[in-house]
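In: show me the folded form of this:
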Amino acid sequence: MEIVIIISIKKEKTEIKKWANVLATMPTKLIEQGRYDDALQLENMGNEAIKGFEMPITVLCLYKAIPENLEDRFSEYHDLIIKRSAAITSTDLQ
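Out: Next up, the predicted model:
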């Protein structure tokens, strides 16, 4: 399983702030293989694992597509799901 974790530390006056961003790619691969229940189970395990951490953690999942009939089930594990139909180019950002 491939997981990228970026831990950031920032000192602001007398306080040190810590947070982590996690990029999870395995659920995406499972979805591409049509293994939706396995992907949901992995999402659930990941969410349960980060509940005990003291620092805030943001998990980013890069899904190419989630079937419409499964969007509600996947939204339980995500604060935001962004759907896009085509690649975004630098021209689109201007």
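
In: after the strand or helix carrying Gly46, which helix or strand is next?
Out: If you go by DSSP states H and E, Gly46 is part of helix 36-50. Counting by DSSP H and E, the element after helix 36-50 in chain order, helix or strand, is strand 57-61.

In: and that following strand, which strands flank it?
Out: The strands beside strand 57-61 in its sheet (DSSP bridges) come out as strand 15-24 (parallel).

In: where does pLDDT dip in the protein?
Out: Applying pLDDT under 70 to the chain picks out residues 1-6, 79-94.

In: what residue is smack in the middle of it?
Out: Centroid-nearest residue in the chain: Leu60, 2.3 Å away (criterion: C-alpha atoms, centre = their mean).

In: is that residue bridged to anything, and to what?
Out: Beta-bridge partners recorded for Leu60 (DSSP bridges): Leu23.

In: span of stretch 65-75 from start to end?
Out: 13 Å (C-alpha to C-alpha, to the nearest Å).

In: show me which positions of that stretch end up buried.
Out: 66, 74 (16 or more other C-beta atoms under 10 Å). Where C-beta positions appear, they are placed from N, C-alpha and C, glycine not excepted.

In: run the chain-centre distance for it.
Out: Chain-centre distance of stretch 65-75: 14 Å, with C-alpha atoms, centre = their mean, to the nearest Å.

In: which secondary structure elements does the helix holding Gly46 sit against?
Out: strand 15-24, helix 26-32, strand 57-61, helix 71-75 (3 or more C-beta pairs under 8 Å, 6 or more residues apart in numbering; DSSP states H and E).
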